[in-house]
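In: Compute the structure for the input listed below.
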Amino acid sequence: VQYNPIQMANDLRKNSGMIPGIRPGKPTSDFIARVISKITFIGGVFLVVAAILPIIMSNLTGIQIALGGTSVLILVGVALEISNTLESYMLMRHHKGFLE
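Out: Coordinates of the predicted model:
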């Protein structure tokens, strides 16, 4: 997915939206570009750590681990999705309907 900071800034302006403390126009697009760059960098570092961690752990412990980096990412994603689903079920269970 690619994000165009200039288009996002224009869309914010057209919809009367703003980022508090940031002027509309070029400062907004520059701010959005900086935020996207930071998020992308942090995400990249996380992916590198998740991919290399099983290799490092198997070298340190001497135990062969059958899980690779992508397997760990899939397991974490599934666990988070299950957690979110269970949380939504619990909220729905305690929520009374509008007409009840």
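In: Mind checking what secondary structure the residue sitting nearest the centre point of the chain has?
Out: For the chain, the residue nearest the mean C-alpha position is residue 43 (7.7 Å; CA atoms, centre = their mean). Classification of residue 43 using DSSP: H, G, I helix; E, B strand; the rest coil returns helix.
In: repeat for residue 6
Out: Quick answer, by three-state DSSP: residue 6 is helix.
In: Isn't it up against residue 29?
Out: Yes: using CB atoms under 8 Å, residue 6 makes contact with residue 29 at a distance of 4.7 Å. All C-beta spots, glycine's among them, are computed from the backbone N, C-alpha and C.
In: Between those two, point out the one with more neighbours.
Out: residue 29 (19 against 14; other CB atoms under 10 Å).
In: need the contact list for the closest residue to that one other than its chain neighbours.
Out: Leaving aside its sequence neighbours, residue 29 sits nearest to residue 9 (CB to CB, 6 or more residues apart in numbering; 3.9 Å). Listed by CB atoms under 8 Å, 6 or more residues apart in numbering, the contact partners of residue 9 are 24-26, 28-29, 32.
In: Thanks a lot, catch you later.
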